[in-house]
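> Curious how this folds, go ahead:
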Amino acid sequence: MRRIRHERPPKMPLPVAEIPPQDEVAKPLIPSADFVGFDARKLSEEQRKFLVGLLMWGTQTRACMETRTSPFSVEEWKKENKNFLAAYDIIMSAIGDVLEDKALRMAMAGNEKLLIKLLQGYKPDKYGHKVQVGGPGGGPIPLTIADLARGFADEQSQDDNR
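Got it, this is the predicted structure:
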């Protein structure tokens, strides 16, 4: 039996991994969580460590990675431990506040799209999307039996045409 010899592709230099500059390396959202004090009687050390990581990194996935905590454990803790869930919710709210503060600074520095979104959130009556549900002035929608019958007849004729 004769062996077929394949041509090998020319050797290409392997790409060199570049080390990102120090300012591009992931940094904690909140550099220190020293000000946070959890009641050790209500939370395990592993739960406390995760919550501090969550506060510092801002997402559950990143906190799990940094603290070497299973995401499945975190979900179990949230279901089974009211104290853990309460602390988790407080931290997520604090993270939202930090992000909101950064977004406000970015918007004020000239990000018009972000500024518009923030205004829509803060002042929905003035800047939000206008959606009217109901009749004029938010009152009931004036319908008569004849209007309903017409709508029903229109639906029936569309069904018959299909």
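> what helix or strand does Y88 sit in?
Applying DSSP states H and E as the criterion places Y88 in helix 82-108.
> tell me what that helix is packed against?
For helix 82-108, the packing partners by 3 or more Cβ pairs under 8 Å, 6 or more residues apart in numbering; DSSP states H and E come out as helix 45-57, helix 71-80, helix 112-122. To be clear about C-beta, it is placed using only N, CA and C from the backbone, and glycine gets the same treatment.
> Can you show me the CA trace of the first one as PDB?
Right, the one you point to is helix 45-57. Taking C-alpha atoms only, helix 45-57 is exported to PDB below (Å, rounded to 0.1, in the frame of the first residue of the first chain):
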ATOM      1  CA  GLU A  45     -17.400  33.000  55.900                       C
ATOM      2  CA  GLU A  46     -17.900  31.800  52.200                       C
ATOM      3  CA  GLN A  47     -21.100  33.800  51.900                       C
ATOM      4  CA  ARG A  48     -19.400  36.900  53.400                       C
ATOM      5  CA  LYS A  49     -16.400  36.500  51.100                       C
ATOM      6  CA  PHE A  50     -18.700  36.300  48.000                       C
ATOM      7  CA  LEU A  51     -20.700  39.300  49.100                       C
ATOM      8  CA  VAL A  52     -17.600  41.400  49.500                       C
ATOM      9  CA  GLY A  53     -16.500  40.200  46.000                       C
ATOM     10  CA  LEU A  54     -19.900  41.100  44.600                       C
ATOM     11  CA  LEU A  55     -19.700  44.600  46.000                       C
ATOM     12  CA  MET A  56     -16.200  45.000  44.600                       C
ATOM     13  CA  TRP A  57     -16.700  43.500  41.100                       C
END
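> and that helix, average pLDDT?
If you average the pLDDT over helix 45-57, you get 91.
> Stretch 116-126 too?
pLDDT averaged over stretch 116-126 gives 84.
> What lies in contact with it?
103-104, 107, 127-129 (Cβ atoms under 8 Å, 6 or more residues apart in numbering).
> one step back: pLDDT averaged over the helix holding Y88 - what is it?
88.
> what angle do it and helix 112-122 make?
Between helix 82-108 and helix 112-122, the angle comes out at 130 degrees (axes from the mean of the first three to the mean of the last three Cα atoms, to 10 degrees).
> Measure how helix 82-108 sits relative to helix 45-57, angle-wise.
Relative orientation of helix 82-108 versus helix 45-57 (the same axes, to 10 degrees): 10 degrees.
> Now do S73 against G53, distance only.
As judged by Cβ to Cβ, to the nearest Å, S73 and G53 stand 13 Å apart.
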